[in-house]
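>>> pasting the sequence and the predicted coordinates here, then a few questions.
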Amino acid sequence: MPGAVAHSILTTLVECTRRRDLLDTLDLFLENAALFGSDLGETAFGRADLRDFLTTIFAEPVTYGWTWDHPVAGRHDDVVWFVAVAQLILKGEGAPQAIPYRLSGVLVHAGGAWRFALFNGSQPVTE
């Protein structure tokens, strides 16, 4: 069940980022959520930072999405945590086909829906 929760919210996140839908993407995060990307400076803490980060990402010539293997997940009450081996899939002119990636996060059931308290994406060292 926790893996299905993680799969579902990750799928919704990809749908929202592909549409560059700022409001629907923000709605997937708690007010005080944290986001860590794979590049230096790719951090956001709280709604205002998330809005700024997503506005920057959505202005890029590519859209962001991921594919992933079954998330490894656990649950305690209204909290789910997950990790997943993934691929970052950029869509747009000149975008690479797929980049090895890792996803992890903490989800909290709040306001009748699962939302990210923490989202982390990182590129593994491939050397």
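Alright, I've got the coordinates.
>>> just the strands in this protein please.
Counting by DSSP state E, the chain has these strands, from start to end: 29-36, 43-45, 63-68, 72-76, 79-91, 99-110, 113-122.
>>> what residue ranges in this protein score low on pLDDT?
127 (pLDDT under 70).
>>> longest helix of the protein?
What stands out as the longest helix in the chain, according to DSSP state H, is helix 2-19.
>>> next one: it to chain centre, how far?
8 Å (Cα atoms, centre = their mean, to the nearest Å).
>>> tell me what angle it forms with strand 29-36.
Going by axes from the mean of the first three to the mean of the last three Cα atoms, to 10 degrees, helix 2-19 is angled at 90 degrees with respect to strand 29-36.
>>> which strands or helices does helix 2-19 pack on?
With contacts taken as 3 or more Cβ pairs under 8 Å, 6 or more residues apart in numbering; DSSP states H and E, helix 2-19 sits against helix 22-26, strand 63-68, strand 72-76, strand 79-91, strand 99-110, strand 113-122. C-beta coordinates here come from the backbone N, C-alpha and C atoms, glycine included.
>>> OK, contacts around the nearest residue to Glu42 once chain neighbours are set aside?
Excluding the flanking residues, the one nearest Glu42 by Cβ to Cβ, 6 or more residues apart in numbering is Phe36, at 6.8 Å. With contact taken as Cβ atoms under 8 Å, 6 or more residues apart in numbering, Phe36 is in contact with Glu42, Thr43, Leu118, Phe119, Asn120, Gly121, Ser122.
>>> now do Gly121
Counted by Cβ under 8 Å, 6+ apart, Gly121 has contacts Phe36, Gly37, Ser38, Trp66, Ala86, Leu88, Tyr101, Arg102, Leu103.
>>> buried ones only from these, please, as a PyMOL command.
This is the PyMOL syntax for the buried subset of the contacts of Gly121, where burial follows 16 or more other Cβ atoms under 10 Å:
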select buried, resi 36+37+66+86+88+101+102+103
